[in-house]
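K.L.:
fold the stuff below for me.
(chains A and B)
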Amino acid sequence: MRRLRLARPELLLPLTAFGLTLVVFLLTPTWADVELSSFDVYNTLQILARLGPLALALGLTMIAGEFDLSVVGTYALGGMLTVQLGQDDWRVGLLAAVGTGAAIGLVQGALIAGLRLPSMPVTLATYIALLGLTSALSDGLTKTYSNIDVTLWVDQPVLTVFSPRSLITLGLFALAALLLAGSRWGRELRAIGGDRRASRVAGVRVGRLLVATFAASGALSGLGGALLSFSLGSANPDPGVQPLILAAAAALLGGVSLAGGRGAPLGLLAGILAVALLAEVATVAALPSYVTQLFYAALLGVIVVVDAPDLHAGVTRLRTHLRPPPVPPAEETP
Amino acid sequence: MTALAAPAREAAAARRTRAELATDGVVVVVVVAVLLAGLSTDRFVSVANAKAILTSASLVGVCALGLTLIMIGGSAVSLAISQTVAAVGMVFLSAQSLGLVPALLLAVVVGALVTGVQGAVVGHAGANPVVLTIAASFAIAGVATGVTDGVSVSPSGTGYDHLNATPAGLPLSVYVLVALTLGVEWTLRRTGFGRSLYLVGENRRAARAAGLAVGRTTTLAWLGAGALFAVTAAFTAAFNTSANVNLGGTLTFDAIAAVLAGGTPITGGRGSAVRTFLGAVLIAAVSDILLLRGYSTGVQVLVKGLIVLGVVVLVHLRTRSRQA
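P.N.:
Below is the predicted model of the structure:
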């Protein structure tokens, strides 16, 4: 059993991010002319519900040392399938979204693991293809979901601040945390993210694990899209890159490294809560959307640069470059 | 020892040629299939349609040339192309009162700077280019929206109309694409920068160990890419006679599709401007066939994505067989 150390980035970063944003959130009334209510907590959890599955999907593949760009494509397709196939029975739509997502993940995982392809170009191509497919399925139009009962049910308040949707998302995180902390799967996932070759030599079945991770990522993204469509009562063929930005920011704030091998679901949860709190602050303070956009861009930019592998080497080089030539030691005078 | 090594090497050579023959065969089949689909499509074989294909290939192509520099240098892709083109297009149109040439220069400088800054961070710090450019796309769109209040920018002069000229019946942008393709190809093959770019893309760590200025080479590649994005931006803005945040449209994906369809591996170290040119024409021809056959934009994007996926797998298999 490893000792808990706060200095470990996968703990330090999410805790700091969550703590800071919580302070900002609580102090909002002092600088913006608003009052906070339990509804704001409910809303924050709704934002969490919207981004959670996507951030978890992206986070899991990032821990494994891959980057699944296709999550937003699967998210869009899942939402569209939910609306178009689930008009009569929501279960059919949900099953179609999750099943298709898992199937897409399986195919991608098999390609990436079987042919040892880099994940970025594969998932980028899939992303483009899935956006096209979603748009083709809906003729490029937003489709409405007429099953009002489901829409009302997923967003009804539970215990004042929760909703079935946010509870499902929190459940997913709990499940992922249990699986990753308590099973060999979690250790192996971090191992293949940290050093693929060493873990292969050590007997980790890398291929199978990668396929499973991508399948899980696809299923989670599909589920995320389905839940969003239930909530909005519609599906948009092109969600844009905003969900990807927020999910990536949440994963990175959650202590997952782009280099792989680092991160845990509970850290991810703290990261995503931080992003959700910030989004809620922006809403409450009625910031113009472009300001929020700039803010997230800056946040993501800063994390990427801090996470950059060559930064420290570069800074050291620059410092040695700029450092004045060493002064010869003064001669000692007795 | 040599007696043992020789047959192994021969076997490897045989395997290599077999794998390469197979991938070449696939390429030939695809090109023939596209040609057959084209020939069997109404209105495909006509001068007007050839012009249409070349025109749409020219705007994407110039952008894709820029992305080729980024990809050869091993910094994967920029996902901020559409937003850069939109913002630079706004700058270009609002600077028309200065005259065409100063406006064009200003656009190129802005494009190069905006993209070059990202390149500097990727090159010097080793930041992840995908996530960084996603952030950049958000930032650029945010600034552009903030500055313009979300309203379309109208031209402050009429000089831009010269870019819509059609000498000898072909749009100016087609000539520009051909000239830039040759220019970029020459830079890649004949200059020290070009050679070091391939080395940096092939193996960043080895290039650094060998004393190459990895950061500077990467930054230069991104500066060049930004300048090329700006050229596309000027032509696109001139064609639309107004510019807003959505001016870039699907350029990011179209440019990626063109470069990858040309067979440049996303991992860097290989590729050429001429290949990208051919990739852009191939993608434009496929889109054109789908359009003529009445398929929706969605289907066109779907097919583009599938082409990219296919080429990525093919290029990877071929590269691996060469290394084996």
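
K.L.:
so how far is residue B:37 from the spatially closest residue to residue B:99 that is not a sequence neighbour?
P.N.:
With sequence-adjacent residues excluded and distances taken as Cβ to Cβ, 6 or more residues apart in numbering or on different chains, residue B:99 is closest to residue B:159, at 5.7 Å. The way it works is simple: take the backbone N, C-alpha and C, and place the C-beta from them, glycine included. Applying Cβ to Cβ, to the nearest Å, the value for residue B:159 to residue B:37 is 41 Å.

K.L.:
quick one, which of those two is more surrounded?
P.N.:
Neighbour totals were compared for residue B:159 and residue B:37, and residue B:159 leads with 19 against 16 (other Cβ atoms under 10 Å in any protein chain shown).

K.L.:
so what pLDDT did the more buried one get?
P.N.:
With respect to pLDDT, residue B:159 scores 90.

K.L.:
the residue nearest to residue B:99 touches residue B:103, doesn't it?
P.N.:
Yes: applying Cβ atoms under 8 Å as the test, residue B:159 and residue B:103 come out as touching, 6.7 Å apart.

K.L.:
so for the two, which residues contact both of them?
P.N.:
residue B:96 (Cβ atoms under 8 Å, 6 or more residues apart in numbering or on different chains).

K.L.:
give the contact list for the spatially most central residue of chain A.
P.N.:
Geometric centre of chain A, nearest residue: residue A:55, 1.7 Å, by Cα atoms, centre = their mean. Contact analysis of residue A:55 by Cβ under 8 Å, 6+ apart lists A:246-247, A:250-251, A:254, A:268, A:271-272, A:275.

K.L.:
can you check residue B:272 too?
P.N.:
Residue B:272 touches B:68, B:185, B:188-189, B:262, B:264, counting by Cβ under 8 Å, 6+ apart.

K.L.:
as a markdown table, the residues you listed with distance to chain A and secondary structure would be great.
P.N.:
Below are those laid out as a markdown table (distance: Cβ to the nearest Cβ, whole Å; DSSP: H, G, I helix; E, B strand; the rest coil):
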| residue | distance to chain A | secondary structure |
| --- | --- | --- |
| B:68 | 15 | helix |
| B:185 | 23 | helix |
| B:188 | 21 | helix |
| B:189 | 25 | helix |
| B:262 | 13 | coil |
| B:264 | 11 | coil |
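
K.L.:
now, of these, which are buried?
P.N.:
The neighbour-count criterion (16 or more other Cβ atoms under 10 Å in any protein chain shown) marks B:68, B:185, B:188, B:262, B:264 among these as buried.

K.L.:
residue ranges of the strands in the stretch 151-300 of chain B, please?
P.N.:
Secondary structure of the stretch 151-300 of chain B, counting by DSSP state E, counting those that start in this stretch: no strands present.

K.L.:
in contact with the residue in it that chain A sits nearest to, which residues?
P.N.:
Of all residues in the stretch 151-300 of chain B, residue B:298 sits closest to chain A, at 3.1 Å by Cβ to the nearest Cβ. Residues near residue B:298 by Cβ under 8 Å, 6+ apart: A:132-140, A:237.

K.L.:
ok, of those, which one's closest to residue A:172?
P.N.:
residue A:134 (22.9 Å; Cβ to Cβ).

K.L.:
list the contacts of that closest one.
P.N.:
Contacts here follow Cβ under 8 Å, 6+ apart; on that basis residue A:134 touches A:73, A:76-77, A:80, A:237-238, B:298.

K.L.:
could you export those residues as a markdown table, including pLDDT?
P.N.:
As requested, the contacts of residue A:134 are exported to a markdown table (pLDDT from 0 to 100):
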| residue | pLDDT |
| --- | --- |
| A:73 | 95 |
| A:76 | 96 |
| A:77 | 97 |
| A:80 | 96 |
| A:237 | 90 |
| A:238 | 87 |
| B:298 | 91 |
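
K.L.:
need those residues in TSV (columns: distance to residue A:86 and secondary structure).
P.N.:
Putting those into TSV (distance: Cβ to Cβ, whole Å; DSSP: H, G, I helix; E, B strand; the rest coil) gives the following:
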residue	distance to residue A:86	secondary structure
A:73	19	helix
A:76	15	helix
A:77	13	helix
A:80	10	helix
A:237	16	coil
A:238	20	coil
B:298	20	helix
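
K.L.:
adding distance to residue A:157 as columns, could you present those in JSON lines?
P.N.:
Output for those, formatted as JSON lines (distance: Cβ to Cβ, whole Å):
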{"residue": "A:73", "distance to residue A:157": "32"}
{"residue": "A:76", "distance to residue A:157": "28"}
{"residue": "A:77", "distance to residue A:157": "30"}
{"residue": "A:80", "distance to residue A:157": "28"}
{"residue": "A:237", "distance to residue A:157": "30"}
{"residue": "A:238", "distance to residue A:157": "31"}
{"residue": "B:298", "distance to residue A:157": "37"}
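
K.L.:
please consider this matter closed, and thank you.
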